[in-house]
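Generate a structure from the sequence data that follows.
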Amino acid sequence: MTHALSQHRTLVIHRPNGFKKNEVCISSTDGEIVGRIRSGESKAKQMMMGNRHIIVSEETTHTDVLHVVDPPDFFRDTLEVKDPSGRRLALLKNAPRLRKKQLNVHTDSQDYVVQGNLSEREFILSTDFSDPQCTIMTMSKQWTGLKKALFGSADYILSFREGLDDSTHLLALGIGLAVDMQQLKKESVLLTTVLAATG
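Have a look, this model is predicted:
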């Protein structure tokens, strides 16, 4: 089955800050909304533990295509990308401590590596970094103006290798969102720590 989200070589993840931070959409480069991201958890649970489950759906059909889950395994700190039926497509794990800017991704058919400045959402997803032809997807951050960077919104640009099949394209999208979820959790912990220290 072909999904509309996999028909675009470049996708823009638009996440407003502030009170509307949960209203996340996915658009093409010309601004057409092609997908949406919503929480898979209750507001009460989000307030207690943060957003640990997001659901990606297509805009035109309103069909769920991906789930990204942060399971409560505090010591392993893994993330999972799943299909709508709950079948796990990928497991993301932190790389050894000497490789802090890397995540290892395991699937049933292929292993991948995420490498780059993860906190800034500037990274590459690849099967072999020694070969540029093995790059699957890149993610970069683009602030939409200084004012919006501080008070409005941030856009994340995902660029996919040409010729990817539908399932790999969606998998790469899920991996990119999983990295973003992991970094949001770290930022939330950091903010809580700073507020506690200054409060």
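
Please pull out the lowest mean pLDDT helix or strand from this protein.
helix 146-151 (a mean of 45; mean pLDDT, DSSP states H and E).

so where do the helices sit in the protein?
Under the criterion DSSP state H, helices of the chain are mapped to 43-49, 146-151, 166-198.

Of all residues in this protein, which one is nearest the centre?
Geometric centre of the chain, nearest residue: residue 177, 0.9 Å, by Cα atoms, centre = their mean.

for the chain, what are the low-confidence residue spans?
1-2, 16-23, 41-51, 73-76, 97-100, 143-154, 187-199 (pLDDT under 70).

Break down it into its strands, ranges please.
Using DSSP state E, the strands of the chain run over residues 10-16, 24-27, 33-39, 53-58, 64-69, 79-82, 88-94, 102-106, 111-117, 122-126, 135-143, 153-160.

Go through the third one and flag the buried ones.
Buried residues in strand 33-39, defined by neighbour count with 16 or more other Cβ atoms under 10 Å: 34, 35, 36, 37. From N, CA and C alone the C-beta is placed, and that goes for glycine too.

ok, of those residues, which one's closest to residue 27?
Distance to residue 27, by Cβ to Cβ, is smallest for residue 34 among these, at 6.3 Å.

my guess is the closest one meets residue 14, correct?
No - the criterion here is Cβ atoms under 8 Å, and residue 34 misses it with residue 14 at 11.3 Å.

shared neighbours of the two, anything?
Residues touching both residue 34 and residue 14 (Cβ atoms under 8 Å, 6 or more residues apart in numbering): 26, 27.

what residues are up against the residue nearest to residue 84 when sequence neighbours are not counted?
Spatial nearest neighbour of residue 84, excluding adjacent residues (Cβ to Cβ, 6 or more residues apart in numbering): residue 64 at 4.6 Å. Residues near residue 64 by Cβ under 8 Å, 6+ apart: 55, 56, 57, 84.

give me the number of residues near the third one?
Neighbourhood size, residue 57 [other Cβ atoms under 10 Å]: 17.
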